[in-house]
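K.L.:
Sequence and predicted model, in that order:
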Amino acid sequence: MLLALSGTAATLGGCSTGLTSGDPGARAASDETEPTPTEQVSESTTESRPAMFVHLDTLAAIQSRVENGDNPWTGAHEAFMDDVRDAMAADSESVTDNGDGHEFKTKGPKDPAERKDYVAAIRTGDRIRDLGLAYQYTGADQYAEKAIELLDHWFLRSKTYMAPVKTNSIEQYITLPKMWWGAELVRGHKAWNDDGVGTEADLQEWVRTFLNDVGHNIPTEMGQQNIFNWQEMTHAAGAVYLRDWDRFRKAMQRNRETGFNQLREDGLLKNEIIRASSLAYSLYAAKALLTAAELSRLYADKLDGPTLYEYQKFDGDRGAIERILDAHAPYVGDPEAWEAMGEGDPDRFVNNDGFPARKQESASSLYEVAYSYYEKDAYLEALKQSGQPVKNVPTYVSAQQAAIDNPDRPHRDERVLGWTTFTHGERFRLDV
């Protein structure tokens, strides 16, 4: 049984980036053993609630399956706990580490040496998310304490905080929400009351300030593309953490009204297929929508319209997201067939660098979540396709490379959700 968070959440207050926190190394971590659910556990009661991208009841059901040695969860749990142990041993990182101030600064993928803030955000987000999940899964306080240490260092500490402003938007949209997910998972934990640590109210005000700076424009001259979907997912995730349900409803409404503008009736995305690496970009857009759809599913009672899973743009018995997933599933294992659709315009469906193993793992993690919701055999087939021999391109963190190098399950989403086979795999088989 999962153990719920102790204490109560702080009320919203003013944001302060002038907090003076203690030494980030003060809470030394050990990566030798995984604590049992009875070690270092806060006094708390069981709780049943959604916690941003996962329901706590789902984690409890997964725990029961892992205890029985059932797959796909058991193997995924082992991979997940490897990452948790690494997170416990990791030093805190910040945008200030490169000596270039408090703003998130980075350049495009053609200059990887200049993406230090982005790489730090990926690693920090992964660690905070995984530590939060480990705390909820085991009840061990040391995971929550480490997560709060990292949150404080990234967002609140006077010397290391990230300024709450939009700079390189897409890289912020695919990293910050997983930090907020981790914060949601340690909401109200007593470690927030430690001397030298910023408050939850400060973090909430940081998130609010950042979202206000992000705004709602479609940031592309080509019309609606995946960046709009990532933007609105970011608004929705931040709104969940803030318990700002009006903001949450508006984000979901914008995704329904504008986020499918590029969807054609055949399921293809007209503003993604004109790009180089069009299959990867199309699946990237699908991932943004599916990630937001999980929020809409878990907080459906807060909506004033259908969930994103249920939303239909065209007549018929399929929702808009299902239409996208159906259209792209056959090409996850056969990217050459995607290029063959060019119909006299081969550049239109080109896959730059082939279809790298990194992109195929990304697609498999997408269809892991999709299969859990729709239970379609075609999606199960797609998530098993990453065993195909394809050219690889490097990723930025070793944990994701491990998932790429092992092409079968478990699958790992390098953007927000992490080990999707663990937290989102085959939910229909769980006792929830």
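P.N.:
Nice, I can see it. Worth saying up front: this structure is predicted, and the values here are computed from it rather than measured.
K.L.:
can we go C-alpha only for contacts and neighbour counts from here?
P.N.:
OK.
K.L.:
for the stretch 101-250 of the chain, what spans make up the helices?
P.N.:
Assigned by DSSP state H, counting those that start in this stretch, the helices in the stretch 101-250 of the chain fall at 116-138, 141-151, 169-173, 176-185, 200-214, 226-242, 245-257.
K.L.:
and the fifth one, which residues are buried?
P.N.:
By neighbour count, and taking 16 or more other Cα atoms under 10 Å as the criterion, the buried residues in helix 200-214 are 200-211, 214.
K.L.:
just curious, which of those is nearest to Leu176?
P.N.:
Of all the buried residues of helix 200-214, Leu176 sits closest to Val207, with 9.4 Å by Cα to Cα.
K.L.:
Can you check which of the helices of the stretch 101-250 of the chain gets nearest to Leu279?
P.N.:
Leu279 lies closest to helix 226-242 among these, at 12.4 Å (Cα to Cα).
K.L.:
outside of the closest one, which residues touch it?
P.N.:
Helix 226-242 is contacted by residues 52, 169-170, 173-174, 176-177, 180-181, 183-184, 204, 207-208, 211, 214, 216-219, 245, 247-249, 251-252, 254-255, 259, 272, 281-282, 284-286, 288-289, 291-292, 295 when judged by Cα atoms under 8 Å, 6 or more residues apart in numbering.
K.L.:
Show me where the chain has its strands.
P.N.:
For the chain, applying DSSP state E gives strands covering 50-51, 54-55.
K.L.:
I'd like the mean pLDDT over the first one, please.
P.N.:
For strand 50-51, mean pLDDT rounds to 98.
K.L.:
what's that strand in contact with?
P.N.:
Leu56, Trp181, Glu184, Leu185, Leu298, Tyr299.
K.L.:
Partner strands of it, with direction?
P.N.:
strand 54-55 (antiparallel) (DSSP bridges).
K.L.:
Kindly provide the whole-number mean pLDDT of the partner strand.
P.N.:
For strand 54-55, the mean per-residue pLDDT is 98.
K.L.:
same check, this time on stretch 378-394
P.N.:
For stretch 378-394, mean pLDDT is 73.
K.L.:
Also stretch 402-410?
P.N.:
When pLDDT is averaged over stretch 402-410, the result is 85.
K.L.:
Begin at 13, not 1, for the rest of this chat.
P.N.:
Noted, 13 is the first residue going forward, which turns the last one into stretch 414-422.
K.L.:
thinking again about what came up before, report the two of the buried residues of helix 212-226 separated the most.
P.N.:
Glu212 and Val226 (21.0 Å).
K.L.:
pLDDT below threshold where in the stretch 63-212 of the chain?
P.N.:
The stretch 63-212 of the chain contains residues with pLDDT under 70 at 120-124.
K.L.:
Run through the residues that contact Leu281.
P.N.:
With contact taken as Cα under 8 Å, 6+ apart, Leu281 is in contact with Gln274, Leu275, Ser294, Ile336.
K.L.:
is it in a bridge, and if so with what?
P.N.:
Those that pair with Leu281 in a beta bridge, by DSSP bridges, are Leu275.
K.L.:
returning to that earlier point: of the strands of the chain, flag the one that's most buried.
P.N.:
By mean neighbour count, with neighbours taken as mean count of other Cα atoms under 10 Å, strand 62-63 ranks first of the strands of the chain at a mean of 20.
K.L.:
now stretch 382-398, how far from the chain's geometric center?
P.N.:
Mean-position distance between stretch 382-398 and its chain equals 19 Å (Cα atoms, centre = their mean, to the nearest Å).
K.L.:
hmm, I was thinking of stretch 193-212
P.N.:
For stretch 193-212, the distance to the chain centre is 20 Å (Cα atoms, centre = their mean).
K.L.:
Could you double-check that Asp225 lies in contact with Ser181?
P.N.:
No: Asp225 lies out of contact with Ser181 (Cα atoms under 8 Å); the separation is 10.5 Å.
K.L.:
Poorly predicted segments of the stretch 213-362 of the chain, please.
P.N.:
For the stretch 213-362 of the chain, the ranges with pLDDT under 70 are 230-233, 352-362.
K.L.:
try it again with 90
P.N.:
For the stretch 213-362 of the chain, applying pLDDT under 90 flags the ranges 228-236, 285-290, 292, 344-362.
K.L.:
Contact partners for Val131?
P.N.:
So Val131 contacts Tyr408, Val409 (Cα under 8 Å, 6+ apart).
K.L.:
how close does it sit to Gly111?
P.N.:
15 Å (Cα to Cα, to the nearest Å).
K.L.:
Also Leu378?
P.N.:
Taking Cα to Cα, one finds Leu378 at 36 Å from Gly111.
K.L.:
Those two: which has the busier surroundings?
P.N.:
Relative neighbour count places Leu378 above the other of Leu378 and Gly111, with 27 against 7, counting by other Cα atoms under 10 Å.
K.L.:
quick revisit: kindly indicate the member of the contacts of Leu281 with the most neighbours.
P.N.:
Ile336 (24 neighbours).
K.L.:
Domains in this structure, by residue range?
P.N.:
For the chain, automatic domain parsing gives the domain ranges 13-226, 247-444.
K.L.:
Of all these, which one is nearest Gln236?
P.N.:
Between Gln236 and the domains of the chain, the shortest gap by Cα to Cα is with domain 247-444, which sits at 6.1 Å.
K.L.:
what's the span of the closest one, first residue to last?
P.N.:
Start and end residues of domain 247-444 are separated by 28 Å (Cα to Cα).
K.L.:
Stretch 327-335 now?
P.N.:
End-to-end distance of stretch 327-335 (Cα to Cα): 11 Å.
K.L.:
Show me just the buried residues among the contacts of helix 238-254.
P.N.:
Burial by neighbour count, judged by 16+ other Cα under 10 Å, picks out 64, 182, 185-186, 188-189, 192-193, 195-196, 216, 219-220, 223, 226, 230, 257, 259-261, 263-264, 267, 271, 284, 293-294, 296-298, 300-301, 303-304, 307 from those.
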